[in-house]
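Student: Task: produce atomic coordinates for the following.
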Amino acid sequence: MAEKAPKQIGAVGKRKTSIARIWMTSGGGNIIVNGRELERYFGRQVLRILAAQPLVLTDRLQSYDFKVNVEGGGLSGQAEAIKYGIAKALMAAEPKLRGVLKKAGFLKRDDRIVERKKYGRAGARKRFQFSKR
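Tutor: I've put the predicted structure just below:
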């Protein structure tokens with residue numbers, strides 16, 4: 001007897017300064033990002049592929065519907081935050097997928113963020129040009 005997935009599963013994915021809140025329900029494979037379809041939200045094909053990678057890897061592209069609320073950062077960081085959130089939601093619904101998702105590196109939080117600018121410097125680490133005279 002197969003387990004029934006809960007009605008709605010929530011997950012949060014983060015990358016750089018982007019935060020994606022994911023709501024997953026069983027359905028036909030629709031991904032709605034901030035009220036728009038995935039294809040309309042991300043103009044570049046690369047970002048659409050990146051966001052849907054966990055679904056393609058686990059062959060669940062037509063199994064679930066996703067409602068995504070993403071904010072902060074740029075489009076690249078938002079796509080990676082969505083990827084991480086979808087992977088976490090899939091693992092919560094089907095724990096047996098953990099091994100596949102973990103091996104692909106989708107369950108690892110990439111916590112790299114931009115280093116802040118320090119006073120007395122041109123940037124985070126760059127110094128102003130030195131002049132002896």
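
Student: Which parts of this structure are helices?
Tutor: 38-41, 45-51, 53-58, 75-93, 98-104 (DSSP state H).

Student: for those, which one sits closest to Arg116?
Tutor: Closest to Arg116 of those is helix 75-93 (Cβ to Cβ; 16.8 Å). Any C-beta I mention is one placed from the backbone N, CA and C, and that applies to glycine too.

Student: Run a quick neighbour tally on Lys117.
Tutor: 12 (other Cβ atoms under 10 Å).

Student: In this structure it contacts Ala124, no?
Tutor: Yes. Under the criterion of Cβ atoms under 8 Å, Lys117 makes contact with Ala124 at 5.5 Å.

Student: Next one: Thr17 from Glu37, what distance?
Tutor: Separation of Thr17 from Glu37 (Cβ to Cβ, to the nearest Å): 24 Å.

Student: which stretches of the chain have low pLDDT?
Tutor: In the predicted model of the chain, residues 1-6 satisfy pLDDT under 70.

Student: which residues does the residue lying farthest from the centre of it contact?
Tutor: What lies farthest from the middle of the chain is Arg133; by Cα atoms, centre = their mean that is 51.2 Å. Arg133 makes no contacts at all, as judged by Cβ atoms under 8 Å, 6 or more residues apart in numbering.

Student: and the closest residue to Glu71 other than its chain neighbours, bridged to which residues?
Tutor: Nearest non-adjacent residue to Glu71, counting by Cβ to Cβ, 6 or more residues apart in numbering: Ile19, 6.0 Å away. With DSSP bridges as the criterion, Ile19 is bridged to Lys14, Glu71.

Student: gap between Ile19 and Leu50?
Tutor: Plainly put, Ile19 is 17 Å away from Leu50 if you go by Cβ to Cβ.

Student: for Arg116, same thing?
Tutor: For Arg116 relative to Leu50 (Cβ to Cβ), the value is 27 Å.

Student: More neighbours: which of those two?
Tutor: Ranked by neighbour count (other Cβ under 10 Å), Arg116 and Leu50 place Leu50 first, with 17 against 7.
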